[in-house]
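# sharing a model prediction with you, sequence too.
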Amino acid sequence: MLTERQMLVLEAIVRVYTEVGQPVGSKSVVDFLPMHVSSATIRNEMVALENKGLIKKTHSSSGRIPSFLGYRYYVDHIVQPGVVPAAELVNIQNSLGVHFQKIDEIFAESTKILSDLTNYTAISLRPETTESRLEGFRLVPLGNHRIMAILVMSSGVVENQTFSIPKSINGSDLEAVTRLLNDQLIGLSLAEISMKLRTSIPVMLVDYMRRPDGILDVFGNILKQAAREQVFVGGKSNILDFATDSNVDELKSLYDLVDTSNNKNIGDLIGIQGKPIQIKIGEELTNQLLDNYSLISASYDVSDHGQGVIALLGPTNMPYSKMIGLLDAFSDELAKKLLDYYQQFDK
């Protein structure tokens with residue numbers, strides 16, 4: 001454990017370094033502290049912190065910078081969320097206050113707003129929709145024996161998929177299939193629908209088509225789309241601004257980490273949320289490409305519609321107090337917006 005003065009010195013080093021990006025000397029620490037302490041005393045405390053592995057020297061300066069352990073101690077024991085300026089909060093509220101046609105537009109716009117505010121990469125995981133229920137299913141003919149299947153969930157999620165049908169299936173058959181699926185499945189949860197698709201529905205569909213496997217596969221696929229964890233990323237290229245290696249292959253790999261076509265990459269990056277605000281630093285992100293990055297993520301509840309996560313991926317020397325306060329406030333505003341959106345489906 002650190003003494004109170006050592007914690008103040010560590011806080012000063014982290015705060016000054018994250019603000020100016022330069023190694024911190026004893027004079028800068030003295031100017032930051034709330035009480036008068038001599039530079040000699042500060043130097044002694046800095047030696048003690050260095051011996052504990054919380055700060056380290058750089059080759060180019062006599063000043064110190066936080067180590068991985070120093071950042072970890074700071075965010076675990078010292079940091080307090082910064083207060084978001086009223087004007088910035090109003091800006092967030094106004095940006096999220098516009099009308100959105102689809103729920104995915106809210107998540108896409110929220111990551112853009114957050115990345116614009118911070119110049120970092122913003123990531124949002126849509127709340128899981130396992131308890132969502134089917135509100136409607138349609139088959140829309142597109143011509144040339146192509147059909148679009150559209151599925152609407154009570155959560156506001158709308159999914160669609162296009163597929164081909166045999167020439168032997170006519171328009172009246174499609175209408176009958178649509179009525180059957182709606183009659184049998186509307187109001188059911190995803191788990192209940194999956195069960196019926198494996199048991200009673202195939203038998204019923206045989207009356208309208210010789211091989212119902214195709215329509216069942218399509219229905220099953222769009223159900224999986226509705227249920228899966230969906231990822232939205234804003235400011236994807238911002239991650240390259242803090243890369244320490246200019247190797248093209250390294251930069252490409254870094255960019256690919258936040259590629260939304262691979263949800264698993266980003267899901268693994270964020271991991272399991274155990275508390276409202278979670279911070280992973282450097283090596284905790286379990287990827288060497290991210291050794292100089294930190295991830296701050298905030299979880300938020302959307303009533304019965306699940307728990308979502310929004311996160312910021314930026315440099316290890318980000319201003320943690322400011323970013324934690326901003327992300328906390330932003331997640332609250334996002335949750336309010338989602339609740340407003342869901343109200344139209346909860347009536």
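Ah, there it is.

# in this protein, which helix is the longest?
helix 320-346 (DSSP state H).

# in that helix, what counts as buried?
By neighbour count on 16 or more other C-beta atoms under 10 Å, the buried set for helix 320-346 is 320-331, 333-335, 337-338, 341-342, 345. From N, CA and C alone the C-beta is placed, and that goes for glycine too.

# try stretch 64-76
Residues of stretch 64-76 classed as buried: Arg64, Ile65, Pro66, Ser67, Phe68, Gly70, Tyr71, Arg72, Tyr73, Tyr74, Val75 (neighbour count, 16+ other C-beta under 10 Å).

# residues contacting the fourth one?
When you say that, I think you mean Ser67. Residues near Ser67 by C-beta atoms under 8 Å, 6 or more residues apart in numbering: Gly53, Leu54, Ile55, Lys56.

# what would those look like in TSV with neighbour count and pLDDT?
Below are the contacts of Ser67 laid out as TSV (neighbours: other C-beta atoms under 10 Å; pLDDT from 0 to 100):
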residue	neighbour count	pLDDT
Gly53	12	96
Leu54	25	97
Ile55	26	96
Lys56	15	94
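
# so which of these belong to helices?
Going by DSSP H, the helices hold none of the contacts of Ser67.

# next, format those residues as CSV and append distance to Ala298.
Below are the contacts of Ser67 laid out as CSV (distance: C-beta to C-beta, whole Å):
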residue, distance to Ala298
Gly53, 29
Leu54, 26
Ile55, 28
Lys56, 30
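
# so which of these would you say is closest to Phe137?
Comparing the contacts of Ser67 against Phe137 with C-beta to C-beta places Leu54 closest, at 58.2 Å.

# tell me who's in contact with the closest residue to that closest one other than its chain neighbours.
Among residues not flanking Leu54 along the chain, Gly70 sits closest, at 3.9 Å (C-beta to C-beta, 6 or more residues apart in numbering). Residues in contact with Gly70 (C-beta under 8 Å, 6+ apart) are Leu10, Ile13, Val14, Leu49, Gly53, Leu54, Ile55, Lys56.

# filter these down to the ones in strands?
Those of those mapping onto strands are Ile55, Lys56, per DSSP state E.

# JSON lines for the contacts of Gly70, including distance to Asn287?
Below are these laid out as JSON lines (distance: C-beta to C-beta, whole Å):
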{"residue": "Leu10", "distance to Asn287": "27"}
{"residue": "Ile13", "distance to Asn287": "27"}
{"residue": "Val14", "distance to Asn287": "23"}
{"residue": "Leu49", "distance to Asn287": "28"}
{"residue": "Gly53", "distance to Asn287": "23"}
{"residue": "Leu54", "distance to Asn287": "24"}
{"residue": "Ile55", "distance to Asn287": "25"}
{"residue": "Lys56", "distance to Asn287": "22"}
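
# ranges for the strands of this protein?
Under DSSP E, the chain gives strands at 55-58, 61-66, 121-125, 134-143, 146-153, 158-164, 231-234, 277-281, 293-301, 307-315.

# thank you, goodbye.
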